[in-house]
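Asks: all I have is the shape, not the residue letters:
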């Protein structure tokens, strides 16, 4: 079997960095070898480790993610970059494309979103990186399309990526497990809606579920982000 691709996670928020690393580790074919909180730490990690892929936050405390990519290339580092950002600025996305960033994932995201992009990238590596030439326009088109997932992860009917992202963010950032009622109050949605999204996270393996006992009466179900 081929060796797993070595990933550097660059994220200044410790909770998010750990969550991203956990997500990457759950995708076969990848292994996290370093985590950096700043652009400077990222450059040091690239010097000290063999890195195939950089999962790069665009908003770092010492420099913008795009500056990190430029510094990487200037220093001769050829690792591919998957940008992770809450920024929806089209100019930033265009600049990322021009610098060769292979994926752009909006935060907050569900595990399935990152998983699909990592799997698409892995397929791209397996199919195209070993070759040195292409023979036709069709093969050129295939190379440029291969790194993108064929389709977005399908959510159950009636669920939205936007609300799922908010639920993921709220649960991941919470210091304590959350019930559907508590999360509903935080997000301003109904308890039924909150419970549906929490159950989806549990079913996809990114959240745990257990009963919360508080005296007599029916126990309440609480959910926590899986670490």
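Replies: Happy to help now that I have it. Note that the structure is predicted; figures quoted are calculated from it, not measured.
Asks: contacts only, for residue 125.
Replies: 5, 52 (CB atoms under 8 Å, 6 or more residues apart in numbering). Where you see a C-beta, it was placed from the backbone N, CA and C, and this is true even at glycine.
Asks: backbone phi and psi for it, please?
Replies: Main-chain dihedrals, residue 125, degrees, to the nearest 10: phi -60, psi -40.
Asks: do residue 6 as well
Replies: Residue torsions, per degrees, to the nearest 10, at residue 6 are phi -90, psi 130.
Asks: what's the answer for residue 106, then?
Replies: As for residue 106, its main-chain torsions (degrees, to the nearest 10) stand at phi -80, psi 130.
Asks: my guess is it contacts residue 88. True?
Replies: Yes. Applying CB atoms under 8 Å as the test, residue 106 and residue 88 come out as touching, 6.9 Å apart.
Asks: residue 66 touches residue 94, doesn't it?
Replies: No. With the criterion set as CB under 8 Å, residue 66 and residue 94 do not qualify as a contacting pair; they are 10.5 Å apart.
Asks: these two: which has the busier surroundings?
Replies: Remark: of residue 66 and residue 94, residue 66 carries more neighbours, 18 against 10, as counted by other CB atoms under 10 Å.
Asks: which residues touch that one?
Replies: Applying CB under 8 Å, 6+ apart, the residues near residue 66 are 58, 92, 95, 96, 99.
Asks: what helix or strand is it located in?
Replies: For residue 66, the host element (DSSP states H and E) is helix 65-74.
Asks: mind listing the strands the helix or strand just after that helix pairs with, and their directions?
Replies: Using DSSP H and E, the helix or strand that follows helix 65-74 towards the C-terminus is strand 80-85. Strand 80-85 has the following strand partners under DSSP bridges: strand 53-57 (parallel), strand 103-106 (parallel).
Asks: a markdown table please, covering the ones you listed and showing mean neighbour count, distance to residue 222 and mean pLDDT.
Replies: Written out in a markdown table, the entries for the strands paired with strand 80-85 read as follows (neighbours: other CB atoms under 10 Å; distance: least, CB to CB, whole Å; pLDDT from 0 to 100):
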| stretch | mean neighbour count | distance to residue 222 | mean pLDDT |
| --- | --- | --- | --- |
| strand 53-57 | 25 | 30 | 95 |
| strand 103-106 | 18 | 28 | 85 |
